[in-house]
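Engineer: what's the 3D shape of this:
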Amino acid sequence: MNKKVIKVSILCLGVSMILSSCVSTARISDFSSDSASIDFEKYTTELKTTSTPSWLDKKSNEYYFEINKNISKDRIDNIIQLSFLHFNYTIKSKNLEQNNMIGKKGMGFNEWRTVTGIYYKQTDDLLKVYVKSKITQDVTGGLRENRALKIGEYLEAQLKVN
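Structural biologist: Have a look, this model is predicted:
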């Protein structure tokens, strides 16, 4: 009887490990399709009042920046699209009327799936951009890099140049 209990316990443990292997799954449905849902003012305040904003943390999954420049909507959308392609993302959702784009990459042999949303708000001479990533992770914790920071810094540099 004791051996049977041990076998069943091991089997249950194995099944539960398999079922819980993906603790967090990156899905496109987790992202808003509307830039109006982003509190740009909150990020502006943090940018101006904090020496090290939270989105610069290696464990963060977001990035925010502002550019004192008026850039055409078409140009912004093109640069966002090129930034996604530069990091091997596939564009899964474009809502150009709502100023956002969502891309997905990974979930291969050596890479976790990442879904990233880029949202922006253009005023007269100020462009505000918010980037958020979600990474599929398992019980080991997965990546410890801010993928939103990587694509955000690249996007910021491209927008400043163009």
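
Engineer: tell me the pLDDT of residue 8.
Structural biologist: Looking at residue 8, its pLDDT is 62.

Engineer: just the strands in the chain please.
Structural biologist: Under the criterion DSSP state E, strands of the chain are mapped to 62-67, 90-95, 100-105, 114-122, 127-135.

Engineer: pretty sure residue 115 contacts residue 27?
Structural biologist: Yes - applying Cβ atoms under 8 Å as the test, residue 115 and residue 27 come out as touching, 6.5 Å apart. The C-beta positions use only the backbone N, C-alpha and C, and glycine is treated the same way.

Engineer: give me the more crowded residue out of these two.
Structural biologist: The neighbour comparison of residue 115 against residue 27 (other Cβ atoms under 10 Å) goes to residue 115, with 25 against 12.

Engineer: contacting residues around that one?
Structural biologist: Contacts for residue 115 (Cβ atoms under 8 Å, 6 or more residues apart in numbering) come out as 26, 27, 28, 30, 31, 92, 102, 103, 104, 133, 134.

Engineer: lowest-confidence entry in those residues?
Structural biologist: Lowest pLDDT of the contacts of residue 115: residue 26, 68.

Engineer: before we move on, back to that, anything in contact with each of residue 115 and residue 27?
Structural biologist: Common contacts of residue 115 and residue 27, defined by Cβ under 8 Å, 6+ apart, comprise residue 134.

Engineer: who's in contact with residue 154?
Structural biologist: If you count contacts by Cβ under 8 Å, 6+ apart, residue 154 has them with 83, 86, 87.

Engineer: give me the number of residues near the first one?
Structural biologist: Close neighbours of residue 83, defined as other Cβ under 10 Å, add up to 25.
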